[in-house]
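>>> what follows is a predicted protein model with its sequence.
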Amino acid sequence: RAVFPRSAIKIVQALPLVESGAADHFQFTAPELSLVCGSHSGAPFHVAIADVLLKRLGLDRSVLACGAHLPVGDQEKRDLIRSGQTATRLHNNCSGKHVGMLTLALHMGAPIGEYELAHHPVQRQVRSVLEDVTQTDLTKTVAGIDGCSLPNWPIPLDNLAIAFARIVTGTGFEASRNAAFRRLADACW
């Protein structure tokens with residue numbers, strides 16, 4: 001049965017960032033890669049990492065298509081409200097993933113506008129990687145829209161399970177892809 005994997009696939013969505021050389025070109029650190037791969041709580045250090053990355057790219061938060069929402073962490077939410085500050089797009093728990101995709105767009109020479117749309121070169125690259133990693137043909141499926149505005153393709157649950165087993169064990173991918181996944185996983189761990 002096909003499911004919309006939503007944020008569960010962030011490590012796969014981050015793979016083109018590493019495989020393309022964009023992460024190296026823009027000197028991503030392990031904490032920065034971790035933010036790209038995860039859903040964060042909106043803590044000040046999460047917001048700061050996303051902000052530093054955007055500045056490194058010469059961009060500001062207005063380019064993020066994820067929209068603003070209060071931090072998802074209870075303490076972070078209370079702290080922000082008490083401070084009198086307003087939530088920004090950087091507080092969005094998917095802001096790291098969006099910064100990663102903007103980085104890939106810049107590295108590819110693709111426009112940064114509309115990077116969140118399924119026809120954009122970044123999303124086509126992400127779909128291609130998803131197809132390969134999950135061994136699923138997504139060309140005839142219609143993408144849903146995730147809560148953070150990005151395309152989310154339905155993938156059979158068993159294909160997702162096998163893909164994550166392959167990611168963790170390093171079985172079934174060429175050495176360079178295994179190294180890229182290992183780099184992302186190590187950053188998260």
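Now that the structure is in, tell me what you want to look at.

>>> list the contacts of the nearest residue to V126 once chain neighbours are set aside.
Distances taken as Cβ to Cβ, 6 or more residues apart in numbering put Q13 closest to V126, at 5.2 Å, once the chain neighbours are dropped. For every residue, glycine as well, the C-beta is placed using N, CA and C. Applying Cβ atoms under 8 Å, 6 or more residues apart in numbering to Q13 gives the contacts K97, G100, M101, V126, V129, L130.

>>> can you show me the helices along this protein?
Secondary structure of the chain (DSSP state H): helices at 10-19, 22-25, 30-37, 44-57, 74-83, 95-108, 121-134, 157-169, 175-188.

>>> just the ones you listed: most buried one?
Stretch with highest mean neighbour count among the helices of the chain: helix 95-108 (a mean of 25; mean count of other Cβ atoms under 10 Å).

>>> what residue lies at the spatial centre of the chain?
By Cα atoms, centre = their mean, the chain has its centre lying nearest to K97, at 2.7 Å.

>>> surely it meets A14?
Yes: with contact defined as Cβ atoms under 8 Å, K97 counts as touching A14 (7.2 Å).

>>> joint contacts of these two?
Shared contacts of K97 and A14, counting by Cβ under 8 Å, 6+ apart, come down to V36, C37.

>>> got JSON lines for the helices of the chain, with mean pLDDT and distance to A2 too?
Listed next are these as JSON lines, based on pLDDT from 0 to 100; distance: least, Cβ to Cβ, whole Å:
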{"stretch": "helix 10-19", "mean pLDDT": "98", "distance to A2": "16"}
{"stretch": "helix 22-25", "mean pLDDT": "98", "distance to A2": "30"}
{"stretch": "helix 30-37", "mean pLDDT": "98", "distance to A2": "23"}
{"stretch": "helix 44-57", "mean pLDDT": "97", "distance to A2": "31"}
{"stretch": "helix 74-83", "mean pLDDT": "94", "distance to A2": "33"}
{"stretch": "helix 95-108", "mean pLDDT": "98", "distance to A2": "22"}
{"stretch": "helix 121-134", "mean pLDDT": "97", "distance to A2": "11"}
{"stretch": "helix 157-169", "mean pLDDT": "96", "distance to A2": "8"}
{"stretch": "helix 175-188", "mean pLDDT": "97", "distance to A2": "23"}
